[in-house]
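Visitor: Predicted model and sequence follow; I will ask about them next.
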Amino acid sequence: MTIYNFSAGPATMPDPVIAQIKQDLPSYNDSGMSVMEISHRSELFEDIIDQAEKDLRELLAIPDNYHVLFFQGGGTLQFTTIPLNLANKYHRIGLLDSGHWAERAGDEAKRVNVKVDVLNSTKADHYTKLPILKDLTQDTYDYVHITTNNTIEGTAYSTVPDTGATELVGDMSSNFLGQQYNIKDFGLIMAGAQKNLGIAGLTLVIVRDDLIGKVKNLPSMLDYQLFAQKNSMFNTPPVFAIYAAGLVLKWLKQQGGVPEMERRNRKKSSLLYDFLDASKLFTAPVQKPDRSLTNVPFVTKDADLDAKLIAEAADVGLLNIKGHRSVGGMRASLYNAMPYEGVEKLVNFLDKFEKNYWRTK
């Protein structure tokens, strides 16, 4: 039985990448050492991290005046690190509240004494649509924070808000490398690796060079300028996670890059959304213009029926479709490594489940 993993993260990885990892585990590059054993100060690892950065710059057309930094600590640590480094003039940021992770970003900024103004929120609508940026007073905020794709709620910005002269910061964790954005629209982008880039334990930060180095005496592990100077190796970096990300980046280039990934993700998500929209049992709650390409929540409005569906799906190899506890129902995460055949199998299963439901009703 073929297994399809619809987990929101850590998420499915490309099969060729898993195969390469298996091959490299005993002896990386004929070194006699496992990739898990090589020193971060060795030429072997320097080649890995340098090539990963080179491939990422190529895939995203990252300008030369942006740094690529490799961090540990996940996106949550970046919710602290970003305001510490960037909120240095007004100590005040704007926030578009589009869901759980946007709220978390605001909460963490407040913990480091940064004022957070919610510029718009769709919480009253249960986050089934995106908040739109209204009038923005310039020279008031150090930056505006958005979550480009809301993993839990299933919404995503296809075009980013125009913040004028105010810097835009994007938490791009769950559609990083799966949907096209212009890096120049952002002062900073951060993304956890465990969705489209690799395994848990690595977070990418892409930041314009004129925004860093303005705050003195930051904790070393939270200082973008120090990490830029040290090539992300102030301390031992997550060697294995960077290696895995490097393999995924090579795979992405072989597949045709981000434009091809977005095309595939649109095709996969359209197949599922079209079925849900035609269904009399299932509902996709997110408003159509704001729907995510990578995270698709859906419900039956019957918790017991949802539980039955989730259990039966697992029995046929459709794993981890249970929705987030704050939303309920089901959620299918269609990241880059999820093949179209997996979505076809899910849709066929849902169709049979629905037909059986109406027959026995």
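Guide: It's in. Numbering: from 1, shown residues only.

Visitor: Tell me the predicted confidence for residue 211.
Guide: If you check residue 211, the pLDDT there is 98.

Visitor: How many neighbouring residues does it have?
Guide: Counted with other CB atoms under 10 Å, the neighbours of residue 211 add up to 21. For glycine as for every other residue, the C-beta is placed from the backbone atoms N, C-alpha and C.

Visitor: next one: residue 126
Guide: Residue 126 has 13 nearby residues by other CB under 10 Å.

Visitor: Which pLDDT value belongs to it?
Guide: Looking at residue 126, the pLDDT reads 94.

Visitor: and what of residue 138?
Guide: Value for residue 138, per-residue pLDDT: 67.

Visitor: try residue 325
Guide: pLDDT at residue 325 comes out at 84.

Visitor: can you tell me which helix or strand the closest residue in space to residue 139 that isn't next to it in sequence belongs to?
Guide: Spatial nearest neighbour of residue 139, chain neighbours left out: residue 165 (7.0 Å); criterion: CB to CB, 6 or more residues apart in numbering. Of the helices and strands defined by DSSP states H and E, none includes residue 165.

Visitor: quick one: the strands in the stretch 151-300 of the chain?
Guide: Using DSSP state E, counting those that start in this stretch, the strands of the stretch 151-300 of the chain run over 155-156, 167-171, 188-192, 203-208, 295-298.

Visitor: Each with direction, which strands does the longest one pair with?
Guide: Looking back up the chat, that one is strand 203-208. strand 66-71 (antiparallel), strand 188-192 (antiparallel) (DSSP bridges).

Visitor: export that strand as CSV, just CAs?
Guide: Extracted as CSV, the C-alpha positions of strand 203-208 are listed here (Å, rounded to 0.1, in the frame of the first residue of the first chain):
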residue,chain,number,x,y,z
THR,A,203,15.0,28.1,9.9
LEU,A,204,16.0,30.3,7.0
VAL,A,205,16.3,34.1,7.2
ILE,A,206,16.7,36.2,4.2
VAL,A,207,17.3,39.8,5.2
ARG,A,208,18.5,43.0,3.4
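
Visitor: quick check: mean pLDDT across that strand?
Guide: 98.

Visitor: Residues contacting that strand, please?
Guide: Residues from elsewhere that reach strand 203-208, judged by CB atoms under 8 Å, 6 or more residues apart in numbering: 56, 60, 62, 65-75, 77-78, 81, 176, 183, 186-193, 197, 224, 245.

Visitor: got the strands of the stretch 151-300 of the chain as CSV, with distance to residue 137 and mean neighbour count columns?
Guide: Below are these laid out as CSV (distance: least, CB to CB, whole Å; neighbours: other CB atoms under 10 Å):
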stretch, distance to residue 137, mean neighbour count
strand 155-156, 26, 25
strand 167-171, 14, 23
strand 188-192, 21, 26
strand 203-208, 22, 23
strand 295-298, 33, 26
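
Visitor: Show me how far the host helix or strand of residue 341 is from its chain's centre.
Guide: Using DSSP H and E, residue 341 sits in helix 340-360. Helix 340-360 sits 28 Å away from the centroid of its parent chain (CA atoms, centre = their mean, to the nearest Å).

Visitor: Remind me what that helix packs against, helices and strands.
Guide: strand 4-5, helix 257-278, helix 303-315, strand 318-319 (3 or more CB pairs under 8 Å, 6 or more residues apart in numbering; DSSP states H and E).

Visitor: what about it, average pLDDT?
Guide: Rounded mean pLDDT across helix 340-360 is 94.

Visitor: Keeping just the C-alphas, turn it into CSV.
Guide: The C-alpha trace of helix 340-360 is given here as CSV (Å, rounded to 0.1, in the frame of the first residue of the first chain):
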residue,chain,number,x,y,z
TYR,A,340,-0.6,14.7,-7.8
GLU,A,341,-1.4,11.0,-7.4
GLY,A,342,-1.7,11.5,-3.6
VAL,A,343,-4.3,14.2,-4.0
GLU,A,344,-6.1,12.0,-6.6
LYS,A,345,-6.2,9.1,-4.1
LEU,A,346,-7.5,11.5,-1.4
VAL,A,347,-10.3,12.9,-3.6
ASN,A,348,-11.3,9.4,-4.7
PHE,A,349,-11.5,8.3,-1.0
LEU,A,350,-13.5,11.3,-0.1
ASP,A,351,-15.9,10.7,-3.0
LYS,A,352,-16.5,7.1,-1.9
PHE,A,353,-16.9,8.1,1.7
GLU,A,354,-19.5,10.7,0.8
LYS,A,355,-21.5,8.3,-1.4
ASN,A,356,-21.5,5.7,1.3
TYR,A,357,-22.6,8.3,3.8
TRP,A,358,-25.6,9.3,1.7
ARG,A,359,-26.5,5.6,1.0
THR,A,360,-26.6,4.8,4.7
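
Visitor: contacts for stretch 321-332?
Guide: 6, 8, 100, 151-154, 272, 295-300, 303, 306, 309-310, 313, 343, 346.

Visitor: Quick one: neighbours of the closest residue to residue 26 other than its chain neighbours, just the number.
Guide: Counting by CB to CB, 6+ apart, residue 34 is the residue found nearest to residue 26 once chain neighbours are left out, at 6.2 Å. Counted by other CB under 10 Å, the residues lying close to residue 34 total 13.

Visitor: again, but for residue 277
Guide: 11.

Visitor: Start from the N-terminal end of the stretch 101-250 of the chain and give the helices.
Guide: Here the stretch 101-250 of the chain has its helices, by DSSP state H, counting those that start in this stretch, at 224-229, 239-255.

Visitor: now those helices as CSV including distance to residue 331 and mean pLDDT?
Guide: Compiled in CSV, the helices of the stretch 101-250 of the chain are given as follows (distance: least, CB to CB, whole Å; pLDDT from 0 to 100):
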stretch, distance to residue 331, mean pLDDT
helix 224-229, 33, 96
helix 239-255, 22, 97
